[in-house]
Structures are given as structure tokens and as C-alpha cells.
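[1] Next input, structure requested:
(chains A, B, C and D)
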There are 4 protein chains.
Amino acid sequence: MTKQKTRKFSPLQRNLHTIIFEADTPKGKLFDIILLVFIALSILVVNLDSVPSISSKYSTILFYAEWILTIFFTLEYTFRLYCSYRPMKYVFSMYGIIDLLAILPSYLSLFMAGAHSLIIIRALRLLRVFRIFKMVGFMNQGTFIMNSLKASRDKIFIFVFFIFLMVNIMGAIMYLVEGTSNSGFDSIPRSIYWAVVTMTTVGYGDISPTTNLGQFLAAVVMILGYAVIAVPTGIVSAEMVNQGKKKHEITSQSCMSCTAQGHDVDAEYCKY
Amino acid sequence: MTKQKTRKFSPLQRNLHTIIFEADTPKGKLFDIILLVFIALSILVVNLDSVPSISSKYSTILFYAEWILTIFFTLEYTFRLYCSYRPMKYVFSMYGIIDLLAILPSYLSLFMAGAHSLIIIRALRLLRVFRIFKMVGFMNQGTFIMNSLKASRDKIFIFVFFIFLMVNIMGAIMYLVEGTSNSGFDSIPRSIYWAVVTMTTVGYGDISPTTNLGQFLAAVVMILGYAVIAVPTGIVSAEMVNQGKKKHEITSQSCMSCTAQGHDVDAEYCKY
Amino acid sequence: MTKQKTRKFSPLQRNLHTIIFEADTPKGKLFDIILLVFIALSILVVNLDSVPSISSKYSTILFYAEWILTIFFTLEYTFRLYCSYRPMKYVFSMYGIIDLLAILPSYLSLFMAGAHSLIIIRALRLLRVFRIFKMVGFMNQGTFIMNSLKASRDKIFIFVFFIFLMVNIMGAIMYLVEGTSNSGFDSIPRSIYWAVVTMTTVGYGDISPTTNLGQFLAAVVMILGYAVIAVPTGIVSAEMVNQGKKKHEITSQSCMSCTAQGHDVDAEYCKY
Amino acid sequence: MTKQKTRKFSPLQRNLHTIIFEADTPKGKLFDIILLVFIALSILVVNLDSVPSISSKYSTILFYAEWILTIFFTLEYTFRLYCSYRPMKYVFSMYGIIDLLAILPSYLSLFMAGAHSLIIIRALRLLRVFRIFKMVGFMNQGTFIMNSLKASRDKIFIFVFFIFLMVNIMGAIMYLVEGTSNSGFDSIPRSIYWAVVTMTTVGYGDISPTTNLGQFLAAVVMILGYAVIAVPTGIVSAEMVNQGKKKHEITSQSCMSCTAQGHDVDAEYCKY
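    Residues are numbered from 1 along each chain as shown, chains lettered A, B, ... in the order given. You can find the predicted model right below:
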């Protein structure tokens, strides 16, 4: 995307650019892999750091580990700024923002406690893994999923909207039915929480009906949810079946005669 | 739908009608949006009002907020009656009924406690949001889902009927097996409740088998339910794949030759 | 199916036969509906009878209700024997067996307690409802589902077999990991029960891992189960999409030219 | 696969080979069935052995039963080595490794406790059941599933990768929100465990949010997971629909004219 402008740059910048921004050179790939390892490491550190038993023992090691990683990431970020052809474009790109968010928490943690745990945002940096996937041809699989989801976005939205209505109504009803008995339905919001837990078939059981009427209504809700769970799946499935065909059609725009049609239908099927 | 009769009406009524009933004029749209905000507000109020900690603090504010909204909705309702071309038609339309149900509870609450919480019915009024969706072309997505569900209505019904049979039988069996041990299977209805909770993979755990035989049967039920959950999803998915094609076929009734057929197949796919 | 032999029968038998066995005459339909009501009633009775609070109050009423229904069903059964053209054929037909099983428990309960609750088998008699559905054209929907399931029977079987293997292995592993800590994994069968509860996403929580390793393994199992749950659904969905097409193909065997093909493709879609 | 080399072998070996390695002769089939029975038995033994109440009573019987089975399996393994045409090939084949793993634990248990339970690995030997399935034509059903899964492998992988990212982020957030309140979110790894339990709709309830914010976030996560669960199912469904068509296309490569196309489309549908 930025090939045509490389001329204007110092050799150093150009080399750095190839290493940092392009994953299709051996060096670039190596850099990406090292980067991913460091990201994985930093996630591990945050996780371990949050486990009381471990953090108490190895607090210092974890402390240093985190700061070393943070500094490394900070340097990486500055280098990216330095050698990118349009720094601003990078800063406001998805990756740019994630990269920044991945460093800030550590520095924030100097002033405010807790912020520290936000370092987990670094997990998002793992998205870079897709730059390597790109070479393994994983991306079009990813885009396939994304397209299917985009295509069914509206439907899913409407669906979620209905769910929202249902859980509201059901929450209120269950609040009326179960509110008095001490079974956790002590406010409508909490009853709505229960409704969501039930509709999605998660069913913690932290809140569950105890009265006969309550249990009957709950059963109805579940059967409903059971039929309802079919909808989003149906939407996406149908979309993916279409996507599959669409892909094929695009790849065989040229064919005109019905027989040919017949053939590249084979073609499609053999592709998959 | 009622355009041809507008002549007979006073200008005021006509203007009101355009504002209140038609969402495709700027004024009409504005009105709908304000309305939705108020509906959302009233839902929020009911929710907050049910949270002990909040209601104790802000009871008066919430009380007034609710009554102001109720009065607004009452006025809106009367206006709708006043300026609709066929008042009766509106009254008995889905929206008309919902609008009425949305006001009543507040007035009922004057005489009987609890009725108050029914105000949540107002959530249903959010369905009006679809009048705005109409302009964003969301509706045909919605109708797509509805059609798919209508088309698979019978199948779903039969399916639910079988579920009903199964949970009855299983409930009775589990009652025989677990009834004696204090694991909550203390009546067939309750065992049926358990069966529903299990078949739908909600699994609260408020009632769960403790005897070996009971757990074995439960496991069988789950594996069954696991295979069974596939049915409604399958039904809806298949229906949606068909719907997708159907839609296309309708849009390309004119085409006659096989090649053309081939092309608007492309067309269809490009549409999606 | 038995029309050709009706001549040999007494008018009484013939009338009874029309009433009891044929649902497409007004009388026959009425009989079926009454029958269903009675079946529903008897199920209700068994359910209520099992609820301590109710059975204690209304024990006598429930007792008589049950016996009246039992006698009615016994008479019905004998009548069926009397007026069916091939009694043996009826006795060993699915319905015949269900009808018998539906009466026996009451009589058994005279000699052995508990057997009583088996009366719930009567729920199965509700299958007769399909004789009425037949007139509403529900049946081909039912057969559609059955065909899809039959067609995917083998696949589902293999799938269930794999699940069986997986839960065995996982159960044993979790037993090794969690067995010592008091988290309910106190035997392999119980751990297998847990594995089923988890794989099917039921998740009672009556048994759940407490050790870190256990929770990690459980998480892996869930992600696995999450991907696995897709399989049966996929199988059935695909089968139903095929079924849908198949049905169409059968109905349009005659068409030969590609254009015609094009058209009755429309036809199909319009059908759905 | 090894027919052409049989000449070089002693009759004994050849007979043994036919019995042990070929399931399509009566003897071979009998052998396989006996083998499966023994495998099932040994699994049963391990299971029973782990149940305290049973193992205490029948420890000796179980002990001997296990060793008899182990010896039988050891003999079988050696025989396989003796009469296979390429012993090394067998040893490193999937079945060969499983067969070995199935014997080792018993011997290991002589030196180290616990290893004993690993005998459950024998469950894997049940995979041999497919050798018998082969004759019932189950295999192509199995391969159908495998192909579908292989075809959607990449997609599933990307999907799981996203889940991994999401549970990491969500786990950290919930740790920040719920960490202080004693609701089980006492470390990020544990919160991640909760996130997995929730996303997969398992929902044990051993860890569940208690704060309002926590419950709100959890509800969002569930709705998300509810939409997300559609993805793998959609992928596999779409894949299976394609697989179904593909299969057909392969079987009807010869057809060239559009009409013929039309027909073997019937053919396909009639096949299913």
C-alpha cells in the first residue's frame, strides 16, 4: 500500500519499515513471531500476577518482567511511528490504537491501582497473529466469517432487539410472581438478568424460581428460548450457505452457457 | 393506507395525523423519536423503582416521573383517537391495544398494589421503533425472519409437542427414581420442570439427580437433548435457505431462458 | 386400509369402527377429541396426585377420578378389540401397545406401590393427537422431520458414539485430577456424568472443578463441546435442506427441459 | 492393502492375519466382536473399580478381571506384531499406538499408583468398532462428518481464536469489577474460566456475578455468546450442505447436458 513512496525515505527507515510493517519478508516474519511471543508472555504475566498465591511469591520477578515488556512495546511503538510512511494514519488505525492502549495501563498503574489489570488489553494485540495467518491463507476464511456476519448483521440486530423486549417483559412478570419469595428476584433489573441467563440457556442457578407458578413460567420461557436459539443459528447458517455460493459465482463470472454453468458448479463443489 | 379519505378532515386533524401516524415526514420522524425516548425513559423508571436501594432514596422523583410520562402517553393516546381516520380500527389494532395496555397499569396502581410493575408492558411500545426502522430498510429483514418462522411454524409446533411428551414421561420416571432421595424431585410437575431445565440445556442445578441411576438417566436425557436441540435449528436454517432462494425467485419472475437463469443466479448472490 | 373387508361385519361393529378408528367422519373426530380430553385429564390427575400438598387434600377425588378414567380407557380398549377388523394387528400395533400400557399401571398399583406413577405413560396416548393433525395437514410436516432424522440417523449415531468415547476419556482424566479434592469427582462414572453435563452445556454445577488444572481442562472441554455442538445441528440442517429439495424433485418428476426445470424451481420456492 | 505379499508367509501367520487384521471374513468378524466385548468389559472394570462402595466389596474380583484382560490384550498385541506384514508400520499406526497405550497403564500401576486409572485409555480401542461398521457402510457417514469438519477446520480455528481473545478480555474486566466482592472472581485465570463457562452457555454457577455492574456485563456477554454460538454451527451446516452437493457431483462427473444435469440432480436427491 505504501510501496510507491518508499523512495523518499532514509535506508534505515526503509529497512525498519520492511521489518516492522511487512510480514512477507523472512525478517519481517521473524519480527512478527518474536512480537507475538512477547505479547503472549505479557498476557501470561498479567494472568499470573492476578493469582494471589503466585503474585505473593514471585511479585518482584513479575514486576520486572512486566516493565521490561512494557518498555519493549513502547520502543516498538515509537519505532512504528518513526518508520511508518504516514505516522498519523498508523496512530489512528485499529492496530495503532490497540498498540497504544496496550502500553498505557502499565504507566497508568503508576498513578492509580487496578488500572494495572487493564494490561490484559494486550490480548488484543494478538490480532497481529492474522498478519502471519495472511501467509497461511487463513484470512479469506476469516473474511468469509466476517462477510456472513455482516450480511446477517441487521437480522441479528432485530433478533437481539426482540430478545431485549422479551427479557424486559419476562423479567417484570417473574418479579411480580417470585418477588416476594426469597429466590433472588428482588428487583426487575435482577429479574431481567435472570431472564437473560435463562433465555441464553446459561442457567447459573444463582437465581431460580421456587414457586410453582414461577417454575411453570420459567419452563415456558425455556421452551421458548429453545425454539428461539434456532433463529440466529438459522440466520448465520443460511448466510454462509449463500456466501459459499456467492464466492463461487464471483470466481466464475466468465461462464455464460448453461452447460458451462453445470461445470463450474462441479468446480465450486470440488473447490470446497 | 388511508390517504383517499384525508379530504373529509379538519386541517388540524390532518396535520396531527401526519405527525403522529406517518413516520416518513421530518415532523413525523421527530415525533416518533421523542416518543421512543419517553418510552425508554418510562421503562428505566419502572426498573429503577423496583430496586429497593434506589426506590427508597428517590421514591418521590420516580413517582412524579412516572405520572408525567403516564399523562403524556394518555394525551398521545387520545390524540391518536382524535386524529385517526378510523378510530375503532386503531383501538383494536395491535399498536392500539399495546398503547392502551401501556397506560392502564399506572391508573390501576391507584387501586391495587403490584399492578404498578405491569407498566413494564410499555416495553412493548418499543415495537414502534420499527416504524423508524422502516426507513432504514430494516423491515424486510424482520419480515424475512417472520416468514421463515411462519413457514416452520407447524414443524416447530410438532417439535414442541414431542418435547412436551418427552418431559412428561421423563419427569414421571425421574420422580420414581429420585423421589425418595431429597434431591428436589418431590412431585411430578417439579420433575417435569427439571426435565425442561435439562432438555433445554439451561441446567440451573437447583434440582439435580443424586442417585447413580438418576444421574445415568439424566446423562441419557442430556445426550438426547443434545441431538434434539439440532431439530429446531435445522428446521429454521433449512427454511431460511429456502426463504433466501424464494426471495430471489420472486424478484426474477420474468427470466425464462436457462442462461438468464444462470445470470440472475449470479445476481441473487451478488445481492446477498 | 381395511375398507375391503367391512362387508363381513355387523352394522354395530361397522359403526363403532367408523367412530373409533376413522377420524375423518364428524363422529370419529368428536370421539378422538373427547378421547384426547380424557387423556389430558388423566395426565393432569397423575401430576396433581404426586404433589404432596394437593394429594393430601383431594386424595379421594383424585383416586376416583383416576379409576373412572382407567375404566373408561379399559372399555375403549375392549371396544377397539371388538370392532377392529384384525384385532391381533391392532394389539401389536404401536398404538395398541401404548393403549394397553396406559391401562395396566392403575391395575398394577393395586398390588405394588409406585407402579401407580407409571400411569404417566398415558402421555404417550397423546400421540393420537396426530390422527386429528392428519386433517390439518400437519402430518407431512411430522414426516418431514422424521425423514430428516432417519436420513441423518447413522451420522447422529457415529456422533453420539464419539461423544461416548470422549466423555469416558475425559471422565477418567478429571477423576485423576479432581478425585482427591472434594469437588464431587469421587468416581469415574460420576466424572463421566460431569463430562456429559458439561459437553451438553447443561452445566448443573452440582459437580464442578475446583483445582486450577481441573478448571483449565474443563474450559478446554467446553470450548471443544462448543465446536462439537455444531455437528448434530449441521447434520440435521443439511439433511433438511436436502429433504426440502428432494420433496420438490418428487413433486416435479415430469419436467424434462432446463427451462421447465427453472420454472418448477420457482414452483418449489413458491410452495414454501 | 497387504494382499500381494501374503505369499511369503507361514500358513499360521496367514490365518492369524486373516483373523486379526481382516474383518470381512466370518472368523475375522467374530474376532473383532469378541475383542470389542473384552474392551467394553475392561472399561466397565475400570469404572466399577473407581466407585468406592463397589471397589471395597469386589476389589479382588476386579483386580483379577483387570489382569486377565490386560494379559489377553498383551497377547493380542504380540500376535498382531507377529502376524502383521509390516510390524513397524503397525506399531506406529494410530491403532498400534492406541493398542500399546491400552496395555501400559496396568503395568505402570505396579510401580506408581493412579496410573492405574489411565487404563480408561482402552476406551479409545473402541474405535475398532469402525472396522465392523465398515461392513454396515457406516464409514462413509463418518468420513462425511470428518470431511465437513476438515473443510471447516480453518474457520473453526479462527473462531476459537476469537473466543480465546474475548474470554481473556472479559475475564480481566470481570476480575476488575467483581474481584473485590467474594463471588469467586479471585484471579484473572479464574475469571477467564468463568468467561468460558458463560460464553459456552454451560453456566455452572460455581462462579457468578453478584454486583449490579457485574450482572449487567454478564448479561451482555451472554447475549453476545448467544449470537456467537451461531457461528460454528453455521460454518459446519454450510459445509455439510456443500459436502452433500460435492458428493453428488463426484458421483455424476459424466453428465454433460443441462437436462442430464437436471436429472442427476433428482438422482442426488433420491440418493438422500
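[2] distance of residue A:79 from residue A:122?
    17 Å (Cβ to Cβ, to the nearest Å). All C-beta atoms are positioned from the backbone trio N, CA, C, and that covers glycine.
[3] If you count surrounding residues, which of the two has more?
    Taking neighbours as other Cβ atoms under 10 Å in any protein chain shown, residue A:79 and residue A:122 compare with residue A:122 leading, 29 against 15.
[4] show me the contacts for that one.
    A:39, A:42-43, A:46, A:73, A:102 (Cβ atoms under 8 Å, 6 or more residues apart in numbering or on different chains).
[5] Over to residue A:170?
    With Cβ under 8 Å, 6+ apart, residue A:170 has these contacts: A:191-192, A:195, A:199, A:217, A:221.
[6] Widest-spaced pair of those residues?
    A:192 and A:217 (14.3 Å; Cβ to Cβ).
[7] And the two? Which one has more around it.
    Between residue A:192 and residue A:217, residue A:192 has the larger neighbour count (other Cβ under 10 Å), namely 26 against 17.
[8] Am I right that the more buried one is in contact with residue D:219?
    Yes: the pair residue A:192 and residue D:219 passes the contact test of Cβ atoms under 8 Å, sitting 7.4 Å apart.
[9] what residues go with each domain of chain A?
    Per the record, chain A has its domains at A:11-134, A:141-244, by automatic domain parsing.
[10] and those domains as TSV, adding mean pLDDT?
    Shown next, in TSV, are the domains of chain A (pLDDT from 0 to 100):
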stretch	mean pLDDT
domain A:11-134	82
domain A:141-244	84
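[11] What is the neighbour count of residue A:161?
    Residue A:161 has 17 nearby residues by other Cβ under 10 Å.
[12] In contact with it, which residues are there?
    B:126, B:129.
[13] Show me what counts as buried in the helix or strand harbouring it.
    Per DSSP states H and E: residue A:161 is located in helix A:153-178. Counting neighbours by 16 or more other Cβ atoms under 10 Å in any protein chain shown, one finds that the buried residues in helix A:153-178 are A:154-156, A:158-159, A:161, A:163, A:165-178.
[14] so how far is that helix from its chain's centroid?
    Relative to the chain's own centre, helix A:153-178 is displaced by 25 Å; criterion: Cα atoms, centre = their mean, to the nearest Å.
[15] how much distance is there from the helix or strand that that helix is followed by to the middle of the chain?
    Next in sequence after helix A:153-178, counting helices and strands by DSSP H and E, comes helix A:188-199. Distance of helix A:188-199 from its chain centroid, counting by Cα atoms, centre = their mean, is 25 Å.
[16] and helix A:188-199, C-alpha only, in CSV?
    C-alpha atoms of helix A:188-199 as CSV (Å, rounded to 0.1, in the frame of the first residue of the first chain):
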residue,chain,number,x,y,z
ILE,A,188,-36.8,-6.0,37.9
PRO,A,189,-33.2,-5.5,36.7
ARG,A,190,-32.1,-8.6,38.5
SER,A,191,-35.1,-10.5,37.1
ILE,A,192,-34.1,-9.3,33.7
TYR,A,193,-30.6,-10.6,34.4
TRP,A,194,-32.3,-14.0,35.3
ALA,A,195,-34.3,-13.9,32.1
VAL,A,196,-31.1,-13.4,30.1
VAL,A,197,-29.4,-16.2,32.0
THR,A,198,-32.3,-18.4,31.2
MET,A,199,-33.1,-17.4,27.6
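[17] Is it in proximity to chain B?
    Yes: part of helix A:188-199 sits near chain B under the criterion Cβ under 8 Å from any Cβ of the partner chain, namely A:188-189, A:192, A:198.
[18] Where neighbours are concerned, which of the residues you listed has the most?
    Highest neighbour count within these, by other Cβ under 10 Å: residue A:198, with 28 neighbours.
[19] For the closest residue to chain C within the stretch 1-150 of chain A, grab phi and psi.
    Nearest residue of the stretch 1-150 of chain A to chain C (Cβ to the nearest Cβ) works out as residue A:51 at 8.2 Å. Torsion angles at residue A:51 (phi, psi; degrees, to the nearest 10) stand at phi -90, psi 110.
[20] and what of residue A:14?
    Per-residue torsions, residue A:14: phi -60, psi -50 (degrees, to the nearest 10).
[21] now residue A:203
    phi 60, psi 70.
[22] Share the number of residues neighbouring it, please.
    Using other Cβ under 10 Å, residue A:203 has 32 neighbouring residues.
[23] what's it in contact with, if anything?
    Counting by Cβ under 8 Å, 6+ apart, residue A:203 makes contact with A:197, B:197, B:201-205, C:202-203, D:201, D:203, D:205.
[24] make it 7 Å
    Neighbouring residues of residue A:203 by Cβ atoms under 7 Å, 6 or more residues apart in numbering or on different chains: A:197, B:197, B:202-204, C:203, D:203.
[25] still on that earlier bit, out of the domains of chain A, which one sits most buried?
    domain A:141-244 (a mean of 22; mean count of other Cβ atoms under 10 Å in any protein chain shown).
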